[in-house]
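> Could you work out the structure for the sequence below:
(2 chains)
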Amino acid sequence: MLNSSLVALAIISGIVAAGSFAGFLARSHRKMDLEQWTVGGRGFGVVLVWLLMAGEIYTTFTFLGASGWAYSRGGPVLYILGYQPLMYVVSFYILPLIWEVGQRHGLQTQADFFQVRYGSTYFAAFVALVGVISLLPYVQLQLTGLGLIVEVASFGAVHRTLAMIVAFALVAAFVFVSGVRGVAWASVLKDLLLLFAAVFLGIAVPYRYFGGIGSMFWALAHARPAHLVMPGATSDLGHAWYVSTVLMFAVGFYMWPQFFAASFTASSGNVLRRNAVFMPLYSVTMPLMFIVGFAAVLVLPGLHNGDLALLTLVQRTFPAWFLGIIGGAGALTAMVPAAIQILTAATLFAKNLCRPILAPDMSDRQVALLAKIMVLVLTGGALFLAIHSSISLVSLLLLGYAGIAQLFPGVVLGLFSRRVTTPGISAGLCVGIGIAVLLILTGRDPYRGLNAGFIGLCFNFAVTAVISLFTQVRVAGFEEALPAAAALESGEGAIT
Amino acid sequence: MRRPSLGAILLGLVPFTAVCFSVALWDRVDPMVLGLPFNFFWLISWLLLTPVCMWGAYRWERRARPTPGTNKAVDVEL
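Numbering: from 1, shown residues only, chains lettered A, B, ... in the order given. Got it, this is the predicted structure:
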């Protein structure tokens, strides 16, 4: 056992080291000012933007969580296959316009966008706060996933807490040296490994135990027919839940500050539109993760924690070195998204919360320094939560999503409507978050079959519309904050 | 303000209808296609069909509103 765990852990460490090295290389020969660190100097083309955005889609939740949901909940896991293509459809219409506003005003963060569009520093700071708070459970989720991987790969020899501490020292160091460009390149290695892991496991596991994917589903359809359709193994995740959850995730995804800000890294709005067309193809590895989870239903019945289904199955089926490769891929899928989540939260805190509200005369250099300090503080905070929190991972992610999706009306109405007002948007945001958080924390998600975040979003839109009707539209500087009618000055915008 | 053209919006509504609103029609195990339960097969097909719809929307947008100042050489640069 000890020998196997050493082999597996050595391979995981090697993969993590290779990923960090790729990130470190990417920074060479570039001066690291705040703009280069956060938006890569705004010069990313189709390939890098693709890598950055795609690199963020596969997180620990999709690696361990998708197979885990297929195992423990069954049919409702299909919501992941439902929302993934649709979030790109939504991005097709809004990201090029967000990019255009970003280009004209030299924007670096999501809160910057709210600042120029709604003209209120306090509202922008509130949006930044919503972003930072929603991101913390997401980072915590990556940490916990990483802990699970090391624990299983060491056959229980390394304690989860120790594993999380070591890994996140690595992530913080990684964020420090490389910034956004390094993260994009590290995700190349991560995605290649994940692609390999998904294709291999999705085919080999059903083949090994059932003789093929078709026979696996045939066996499952006869043994547990209800498991494959909604509501699966749950009582309340039916079709209404599916529709409301898919809608909330599809509009909520690009409201995450890190994905929103990733659009600023593109070299043109057209890059983003073309990316949106082809990104759904990137999700084709997801069904393979589901297949592993479905196979585990018959092979490993009775696991207490569904998130362990994939790793336990690999551990029981393959030699230790192979568990090491899968574990390494899983470790990178935790570290790369965590790195960019921390980078985003730290920049938001320094640039949009601390400077405008507490210390208006900070220089850009001081903001960059504060952001780097915040990397350590926020990583430490997430680590503390991961070690001490008892809330389940699924509820953490739902809470984060339900909060962040409430920014959607502010973005989409901000881009397309002249009539929406700052008091309207602010009131809608507060009501939406309040209702979603209240329903989730009192254990009423789903409420009457509907996703709690979706209910919050409906109230959010309604309150925004009503208040906007009764308040004055801001006049000063309003027109220029909107995307231009047709022409845009390419190359030289507001940035110098 | 530049709103997306109607054609591009209608093309975007196709995947929304197919994978979201119509869930009650396709969420079943039979008939199994290519060894996959029908709901699974249906959603995987739409991972491939959504880009087809959005490619149509992309072409439509470009024809309806050509964007000046976009440079092909910049687009493919890393």
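> Return the set of buried residues in stretch A:305-321.
Residues of stretch A:305-321 classed as buried: A:306-315, A:317-318, A:320 (neighbour count, 16 or more other C-beta atoms under 10 Å in any protein chain shown). (Glycine included, C-beta is placed from N, CA and C.)
> contacting residues around that stretch?
A:3-5, A:7-8, A:11, A:63-65, A:67-73, A:145, A:148-149, A:152-153, A:155, A:201, A:204-205, A:208, A:289, A:292-293, A:295-296, A:299-300, A:303, A:322-323, A:326-327, A:330, A:393 (C-beta atoms under 8 Å, 6 or more residues apart in numbering or on different chains).
> For chain B, what is the nearest residue in chain A?
residue A:214 (2.5 Å; C-beta to the nearest C-beta).
> So which of the contacts of stretch A:305-321 belong to helices?
Of these, the ones assigned to helices by DSSP state H are A:3-5, A:7-8, A:11, A:67-72, A:145, A:148-149, A:152-153, A:201, A:204-205, A:208, A:289, A:292-293, A:295-296, A:299, A:322-323, A:326-327, A:330, A:393.
> Just the buried ones from the residues you listed?
A:4-5, A:7-8, A:11, A:67-72, A:145, A:148-149, A:152-153, A:201, A:205, A:289, A:292-293, A:295-296, A:299, A:322-323, A:326-327, A:330, A:393.
> Give me the most central residue, chain B.
For chain B, residue B:50 is the residue whose C-alpha lies nearest the centre (C-alpha atoms, centre = their mean; 2.8 Å).
> Stretch B:6-17 near chain A anywhere?
Yes - under the criterion of C-beta under 8 Å from any C-beta of the partner chain, chain A is reached by stretch B:6-17 at B:8, B:9, B:12, B:15, B:16.
> can you count the residues close to the second one?
Going back to what we said before, that points to residue B:9. Using other C-beta atoms under 10 Å in any protein chain shown, residue B:9 has 14 neighbouring residues.
> Kindly report the same for the fourth one.
Residue crowding around residue B:15 was assessed by other C-beta under 10 Å; the count is 24.
> Can you verify it is assigned to a helix?
Yes - when DSSP: H, G, I helix; E, B strand; the rest coil is applied, residue B:15 is found to be in a helix.
> That one contacts residue B:49, doesn't it?
Yes - assessed by C-beta atoms under 8 Å, residue B:15 is found in contact with residue B:49 at 7.2 Å.
> what stretches of the chain score poorly on pLDDT?
Reading this off chain A. Where chain A drops to pLDDT under 70, the residues are A:1-2, A:26-56, A:177-181, A:389-395, A:474-496.
> Hmm, no, I was thinking of chain B.
If you take pLDDT under 70 as the line, chain B has these spans: B:1-2, B:65-78.
> go again using 90 as the cut-off
Low-confidence segments of chain B, defined by pLDDT under 90: B:1-9, B:11-12, B:20, B:22-25, B:27-32, B:35, B:59-78.
> Which residue does chain B have closest to chain A?
Residue nearest to chain A within chain B: residue B:35 (2.5 Å; C-beta to the nearest C-beta).
> ok, that residue - contacts?
So residue B:35 contacts A:212, A:213, A:214, A:215, A:217, A:218 (C-beta under 8 Å, 6+ apart).
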